[in-house]
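1. Fold the following.
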Amino acid sequence: NGNYSVSLYVRDGRLQILPKEVTVTTGSAEKAYDGIALEGSTAIIDGTNPETATTIVGLVEGETATVNATGTITTPGSIKNTYTIAWGEGVNEHNYTIKDTLGTLTVTNGTLIVTINNKTVTYNGSEQYGYAKTEDSDTTELNITGNGETITTDDYTVEGLGAGDTLKITYTPAKGTNAGEYIGEFKETYTIINEDDDDVSSYYETKTFKVGKLSIEPKKVTITADSDDKVYDGTPLTKGTFTATALEEGDDHTFTVVMTADSTITNYGTQANVIATVDGVAVTTETATEVGNYLVTTANGTLEITKSQSKITITATNDEKVYDGNSLTNATYTVTVEADGDEEITATQQEDGSWKLSTGDVIKADVQGTVTHVAEGTKDNVVASYTITGADGNDTSANYNNVETVAGTLSVTVATLTVTTEGAEKTYD
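-> Okay, the predicted model is just below:
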């Protein structure tokens, strides 16, 4: 353009490439003290999901970097969750400006709970102990080292003891002999040290020590009244003996058992043999009752009187007379006993004509029979009826199984009649 005069000058310019800003975010975490380090496990760049990726692609096309959280804390307190970046091959870290958002790792004071297990045993007459008992001492020096998890043994459970921390405490186990409940006791002083012998008691916000309980349950025992039987002999049958189920080994207790007043029988039949008291404690049949260190259930026996098998014969008396025009009767009788086996029954005539047995019972018979004339011949003298009664007047005939009656005879013989005539004399006339 002719209107201008143009001169061209060329000189050096400047090109500036600024670092690209990249944001790194680390996660936060919190837990109660357990002696195990709390470590930051996640870190992300530009919002990449930390659960699926730690290597970041696309800072700029073709460049990579890997970011790892490095924060770690073991004892109670808080720290920032730091990180490291490993740049990919050929990547110049100066091309990036890091903006970080650091999370916080927090360990809170722990909670320590030591629980001695409860124990239930059965009374055996000897002293018994709860859990955490050492063989040769009434006290136990517990020396427990934590592993960061709940510790469970036959004797105790420990929750919250940090890994590597050692708890030392003295415990007196529960002990007792008689049925009941007993508790153990922890000593008030204790120590908790770490592997470097440092006192770490302050790392635990609460420390709870739960003593164990020893429950000694009454020994279950069944006591059965003995049974007995005998042949009727007029005397009461009682049985004060009994049998009891086995006690625990080493228990030599002897029970004192008393039967009820009704546990007796005299006459033919059966009667329950019932336990009234055991060691002075009233009991009820088939009902469990606490008797000292025992839970006693009783069972009845049976008392039985069987009938006498001895043969008792009531025999009406035989009688006769010469005819005199009056009736002949005879109400007397005899009683004989043929004893059976081991029975020893005898009969003795009383003044009133009755017969008393050795059992105490009395036999009375009604004998009936009459004859007047020779022509009637021999007539039976019959035992029409009889009674067997005890001293109280009650009928006891059911106690005898073999009673028989035998009739006698009555007869009138011919009388001798003598006829005498008188003589006379006179002079012939």
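
2. Going by C-alpha atoms from here, please, whenever you check contacts or count neighbours.
-> OK.

3. Tell me where the longest strand sits in the protein.
-> The longest strand of the chain (DSSP state E) is strand 379-389.

4. Next SSE downstream of it?
-> Counting by DSSP states H and E, the next helix or strand C-terminal to strand 379-389 is strand 403-406.

5. hang on, the earlier thing: which residues are contacting the longest strand of the chain?
-> 314-318, 330, 361-371, 395-397, 405-411 (CA atoms under 8 Å, 6 or more residues apart in numbering).

6. Please pick the buried ones from these.
-> Buried members of these, counted by 16 or more other CA atoms under 10 Å: 314-318, 330, 361-365, 367-371, 396-397, 405, 407-411.

7. Okay, and which of those map to strands?
-> 314-316, 362-365, 367-368, 405, 408-411.

8. Please pull out the lowest mean pLDDT helix or strand from the chain.
-> In the chain, the helix or strand scored least confidently by mean pLDDT, DSSP states H and E is strand 55-57, which has a mean of 44.

9. following that strand, which helix or strand comes up?
-> Next along the chain after strand 55-57, taking DSSP H and E as the criterion, comes strand 64-69.

10. Given that next one, what are its sheet partners and their directions?
-> strand 55-57 (antiparallel), strand 83-87 (antiparallel) (DSSP bridges).

11. Show the contacting residues for residue 140.
-> 132-134, 170-173.

12. now those in a markdown table, with pLDDT, neighbour count and secondary structure?
-> Formatted as a markdown table, the contacts of residue 140 follow (pLDDT from 0 to 100; neighbours: other CA atoms under 10 Å; DSSP: H, G, I helix; E, B strand; the rest coil):
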| residue | pLDDT | neighbour count | secondary structure |
| --- | --- | --- | --- |
| 132 | 92 | 23 | coil |
| 133 | 92 | 18 | coil |
| 134 | 89 | 13 | coil |
| 170 | 97 | 16 | strand |
| 171 | 97 | 22 | strand |
| 172 | 97 | 23 | strand |
| 173 | 96 | 25 | coil |
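
13. of those residues, closest to residue 6?
-> residue 170 (104.5 Å; CA to CA).

14. got a list of what the closest one touches?
-> 139-142, 186-187, 190.

15. Filter the residues you listed down to the buried ones, ChimeraX style.
-> Buried members of the contacts of residue 170, defined by 16+ other CA under 10 Å, are picked up in ChimeraX with:
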select :139,140,186
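
16. which ones among the contacts of residue 170 are found in strands?
-> Judged by DSSP E, strands contain the following of the contacts of residue 170: 140-142, 186-187, 190.

17. Which of these sits closest to residue 2?
-> Looking across the ones in strands among the contacts of residue 170 and measuring by CA to CA, the closest to residue 2 is residue 190, at 106.4 Å.

18. Is that closest one in contact with residue 169, as I believe?
-> Yes: taking CA atoms under 8 Å as the definition, residue 190 is a contact partner of residue 169 at 4.7 Å.

19. Next one: the one residue sitting closest to the centre of the chain from residue 31, what distance?
-> For the chain, the residue nearest the mean C-alpha position is residue 220 (5.4 Å; CA atoms, centre = their mean). According to CA to CA, to the nearest Å, residue 220 and residue 31 sit 51 Å apart.

20. distance of the residue lying closest to residue 171 once chain neighbours are set aside from residue 235?
-> Excluding the flanking residues, the one nearest residue 171 by CA to CA, 6 or more residues apart in numbering is residue 186, at 4.5 Å. Computed as CA to CA, the residue 186 to residue 235 distance reads 66 Å.
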